[in-house]
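Q: below are the sequence and a predicted model for it; my questions follow.
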Amino acid sequence: MDPLAPALLERLRLASQAARTHAHVPYSHYAVGAAVLDDQGAIHAGCNVENAAYPQGWCAEATALGAMLMAGGKRALAVLVTGPGPCVITPCGGCRQKLREFGDDGLLIIAADPTGIRQTWTLGQLLPASFGPGHLAHSASHPKG
Ligand code: THU
């Protein structure tokens with residue numbers, strides 16, 4: 001599956017844009033939508049959800065990953081994130097790590113704003129030398145090592 005195929009990319013963009021309209025952003029007024037493409041071709045969307053206790057808010061990417069899991073999705077191939085512009089949105093460090101849990105270095109991160117797609121990276125570019133599930137693969141048999 002090629003997430004950059006025009007028809008699929010447009011579906012991702014529209015899902016992300018629609019999710020953005022649900023953003024709960026009374027504090028920053030910075031509405032974000034995210035749409036994750038899983039390895040079965042399903043799309044899962046989410047928005048950012050802020051909180052009066054500021055650190056308790058979370059990003060659109062986190063909502064979208066939760067939606068993926070709730071729908072039975074396992075692996076993410078791409079995420080398209082839509083912000084308000086004019087600066088190109090880029091996932092925060094925490095979201096890069098959250099994406100790493102469900103994707104590899106080739107996961108595509110596509111930034112958009114209401115005018116359209118602005119920039120594309122791979123997760124490997126935005127989170128090089130990452131720590132991931134593979135690091136823990138052998139730790140169960142070596143609890144102290
Ligand atoms: N935010 C996201 O939802 N995703 C990003 O990629 C960048 C930032 C949110 C967090 C917060 O609700 C608002 O944008 C301003 O930081």
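A: Sure thing, it's come through.
Q: quick one: the helices in this protein, in order.
A: Counting by DSSP state H, the chain forms helices over residues 6-20, 60-70, 93-102, 123-126, given from the N-terminal end onward.
Q: deepest-packed of these, please.
A: Compared across the helices of the chain, helix 60-70 shows the largest average neighbour count, a mean of 21 (mean count of other C-beta atoms under 10 Å). To be clear about C-beta, it is placed using only N, CA and C from the backbone, and glycine gets the same treatment.
Q: elements contacting it?
A: Packed against helix 60-70 by the contact rule (3 or more C-beta pairs under 8 Å, 6 or more residues apart in numbering; DSSP states H and E) you find helix 6-20, strand 33-38, strand 43-47, strand 76-82, helix 93-102.
Q: the second one and the ligand in contact?
A: No. Against the ligand, strand 33-38 shows no contacts by C-beta under 6 Å from any ligand atom, the least distance being 6.8 Å.
Q: tell me how far that strand lies from the chain's centre.
A: Using C-alpha atoms, centre = their mean, to the nearest Å, the distance from the centre of strand 33-38 to the centre of the chain it belongs to is 6 Å.
Q: adding mean pLDDT, write the helices and strands packed on helix 60-70 out as CSV.
A: Shown next, in CSV, are the helices and strands packed on helix 60-70 (pLDDT from 0 to 100):
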stretch, mean pLDDT
helix 6-20, 98
strand 33-38, 98
strand 43-47, 99
strand 76-82, 98
helix 93-102, 98
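Q: so for residue 108, which of those sits nearest?
A: Go through the helices and strands packed on helix 60-70 one by one with C-beta to C-beta and the one that ends up closest to residue 108 is strand 76-82, at 4.0 Å.
Q: end to end on stretch 38-49, go ahead and measure it.
A: Distance between the boundary residues of stretch 38-49 (C-alpha to C-alpha, to the nearest Å) amounts to 22 Å.
Q: related to what we said a few turns ago, reformat the helices of the chain as CSV; add distance to the ligand.
A: CSV is the format used below for the helices of the chain (distance: least, C-beta to the nearest ligand atom, whole Å):
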stretch, distance to the ligand
helix 6-20, 9
helix 60-70, 4
helix 93-102, 6
helix 123-126, 11
